[in-house]
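Participant: Sequence and predicted model, in that order:
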Amino acid sequence: MKSKYQKLVLPIILSLTLGLAPFFPEPHLFGKIRWVLGGAVGMQPMDWFDLLLHAFPFIWLIYALVDVFFLKRKY
């Protein structure tokens, strides 16, 4: 029988690798978020797509955490 926590393994791994890549000098996602919070001046459609790609593992992780801990499902 699978544990309900196994749903979290892949989103956590992807969030720590793809979501935070490249690691130095700062994660790419943080730079994109800072750019959006600064008004997103000069952002091209490719930049928005890049933001979505780097943010997707974290969105999936949040969904999985809500599913595991807050939704009443039988596993």
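Facilitator: Looks like it arrived, so ask away.
Participant: who's in contact with P57?
Facilitator: P11, L14, S15, L18, G19 (Cβ atoms under 8 Å, 6 or more residues apart in numbering). Any C-beta I mention is one placed from the backbone N, CA and C, and that applies to glycine too.
Participant: Likewise for L20?
Facilitator: Taking Cβ under 8 Å, 6+ apart as the test, what L20 contacts is P27, H28, L29.
Participant: now with 6 Å?
Facilitator: The contact partners of L20, by Cβ atoms under 6 Å, 6 or more residues apart in numbering, come to P27.
Participant: Let me know the secondary structure of the residue nearest in space to the middle of the chain.
Facilitator: Centroid check for the chain by Cα atoms, centre = their mean gives F58 as the closest residue, at 2.0 Å. Classification of F58 using DSSP: H, G, I helix; E, B strand; the rest coil returns helix.
Participant: Was I right to think it contacts L16?
Facilitator: No: the criterion here is Cβ atoms under 6 Å, and F58 misses it with L16 at 10.1 Å.
Participant: Please report how far R34 lies from H28.
Facilitator: 11 Å (Cβ to Cβ, to the nearest Å).
Participant: who has more neighbours, the two?
Facilitator: More crowded of R34 and H28, by other Cβ atoms under 10 Å: H28, with 17 against 10.
Participant: And that one, what's its pLDDT?
Facilitator: Predicted confidence (pLDDT) for H28: 87.
Participant: Look up how far F70 lies from it.
Facilitator: Distance from H28 to F70, by Cβ to Cβ: 30 Å.
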